[in-house]
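Undergrad: sequence first, predicted model second:
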Amino acid sequence: MTDGQSLLLLFVALYFIECLRWLPPRSLLLTGSGERWSGRRPFQPVKLAGRCPVLLGLLPPQQAHLITLSWQLIPAEAGLEMHLDDRRPLLLPWEQVKPVADGRTLHLSPQMQVRWPLETQAAHACQQVRQWLAMTHQEREADFLEHARRTLEAAPLTAQAADLTSRTHWLRHLGSFIFIWTFGVLVVLYRWLGDGQEVLWAAAALLALQLSQAVLFFRQARTLPHRFWKALMVALLPQHAMRATDLLCDVPSPVPAHPLAGRPLIGDEAWKKIACQMWKKARFQPSATTRLQCLVLETWLEKEGLPISEIEAPPQQQTGSALYCPSCQSQFKDGTQTCLDCGGIPLRPFASV
Ligand SMILES: [Zn+2]
């Protein structure tokens with residue numbers, strides 16, 4: 001392998017690392033700009049220190065991103081329920097709950113940690129749990145309902161998406177151009193001309209592009225901590241220059257929006273699919289907070305024009321089947337009681353016509 005090839009391989013690896021995010025398993029990463037956004041879930045089979053990997057868009061055009069997150073902590077009568085991934089939630093008795101925030105991690109007990117996308121969010125969750133400890137069960141439920149309703153509001157998320165779209169406009173375009181210059185123009189020139197003078201000029205042009213990107217970034221990142229050092233990285237390292245938009249997208253916010261709040265961004269069809277999955281999980285997954293979760297979601301989904309009767313509508317009846325599972329919609333012959341695939345959910349009979 002020549003020096004040039006090794007350098008290219010190194011750049012590709014660094015770029016790939018730059019595109020990788022490690023998020024709490026129940027996050028939904030929204031990527032896009034303007035009116036076009038789409039959702040990506042972290043890859044749950046791979047987990048490192050409570051976080052799972054998710055890739056931002058690798059190829060140009062560069063996109064902005066927003067991180068949304070389902071409720072991770074829900075107060076139950078007997079303790080604090082933790083919804084960390086798609087498996088059954090865990091319950092920590094109230095007397096064992098000792099919240100301490102450390103960076104993006106909230107320690108609830110020596111064995112129990114909950115991860116958050118941002119430090120500000122872990123600190124806010126810590127404060128909220130401390131308040132719950134001092135409350136009665138009714139007060140905790142009322143506080144959670146209020147919190148849950150706020151995270152479902154679409155307006156703050158839509159406003160954030162519009163703000164990011166306009167602030168990252170030139171950063172995204174120049175980032176895409178730097179990508180094409182580094183992995184396209186420079187590579188072709190190197191293969192064609194070897195270590196010639198022209199390649200050196202192209203590399204100098206890359207540095208000039210990075211410097212321009214750093215200036216653009218510095219002007220847009222006024223509220224970002226350590227903006228000078230981040231701008232310096234953008235100026236000196238091509239992978240940071242390509243992905244400068246991402247640095248601007250980690251906006252410090254105390255409470256992450258709920259994935260369902262992204263309806264105006266991801267569109268009705270994708271939203272409905274996620275809404276159905278989330279309702280079924282809340283309704284049918286064994287949990288000490290089923291009633292509380294369903295209370296928030298049912299009211300909110302009805303208001304959004306998606307009644308529960310539509311989500312739980314029976315499937316098209318196949319010949320020979322008499323019952324169906326309201327969660328996975330599988331059909332069963334008479335005599336079966338529960339759906340084992342869904343953890344023993346009681347089956348429903350098809351309404352006789
Ligand atoms: Zn089922």
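TA: That came in fine, so what should we check first?
Undergrad: what's the domain layout of this protein?
TA: Domains of the chain are assigned by automatic domain parsing as 3-68+157-249, 75-152, 264-311, 322-353.
Undergrad: quick check: phi and psi at Leu58.
TA: Here is the backbone geometry of Leu58 (degrees, to the nearest 10): phi -80, psi -40.
Undergrad: residues near it, how many?
TA: 11 (other Cβ atoms under 10 Å). Where C-beta positions appear, they are placed from N, C-alpha and C, glycine not excepted.
Undergrad: which residues are in contact with it?
TA: 15-16, 19 (Cβ atoms under 8 Å, 6 or more residues apart in numbering).
Undergrad: can you add neighbour count and distance to the ion and give these back as a markdown table?
TA: Listed next are the contacts of Leu58 as a markdown table, based on neighbours: other Cβ atoms under 10 Å; distance: Cβ to the ion, whole Å:
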| residue | neighbour count | distance to the ion |
| --- | --- | --- |
| Tyr15 | 19 | 42 |
| Phe16 | 12 | 38 |
| Cys19 | 17 | 36 |
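Undergrad: which of the residues you listed fall in strands?
TA: Using DSSP state E, no member of the contacts of Leu58 sits in strands.
Undergrad: how about JSON lines for these, with distance to Leu55 and pLDDT added?
TA: Shown next, in JSON lines, are those (distance: Cβ to Cβ, whole Å; pLDDT from 0 to 100):
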{"residue": "Tyr15", "distance to Leu55": "11", "pLDDT": "94"}
{"residue": "Phe16", "distance to Leu55": "8", "pLDDT": "95"}
{"residue": "Cys19", "distance to Leu55": "6", "pLDDT": "94"}
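Undergrad: what's the closest of these to Leu133?
TA: Cys19 (39.7 Å; Cβ to Cβ).
Undergrad: pretty sure the closest one is touching Leu55, no?
TA: Yes. Counting by Cβ atoms under 8 Å, Cys19 does reach Leu55; the two are 5.6 Å apart.
Undergrad: mind checking what secondary structure Trp170 has?
TA: helix (DSSP: H, G, I helix; E, B strand; the rest coil).
Undergrad: what is the burial count for it?
TA: Neighbours of Trp170 (other Cβ under 10 Å): 16.
Undergrad: again with Ser327
TA: For Ser327, using other Cβ under 10 Å, the count is 19.
Undergrad: so for Cys52, what's the nearest residue that isn't a sequence neighbour?
TA: Pro42 (3.6 Å; Cβ to Cβ, 6 or more residues apart in numbering).
Undergrad: ok, the one you found touching Leu48?
TA: No. At 10.8 Å, Pro42 and Leu48 do not qualify as touching, with contact defined as Cβ under 8 Å.
Undergrad: more neighbours, these two?
TA: Neighbours were counted for Pro42 and for Leu48 using other Cβ under 10 Å; Pro42 has more, 22 against 8.
Undergrad: spell out which residues of this structure are next to the ion.
TA: Residues of the chain lying close to the ion by Cβ under 5 Å from the ion are 325, 327-328, 339, 341-342.
Undergrad: repeat the analysis, applying 8 Å as the threshold.
TA: 325-330, 339-342, 345 (Cβ under 8 Å from the ion).
Undergrad: now, which of those residues lie within helices?
TA: Members of the residues of the chain next to the ion lying in helices (criterion: DSSP state H): none.
Undergrad: whichever of these end up buried, select them in PyMOL.
TA: To isolate in PyMOL the members of the residues of the chain next to the ion that are buried, counting by 16 or more other Cβ atoms under 10 Å, one can use:
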select buried, resi 325+326+327+330+339+342+345
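Undergrad: in strands, which of the residues of the chain next to the ion fall?
TA: Going by DSSP E, the strands hold 339, 345 from those.
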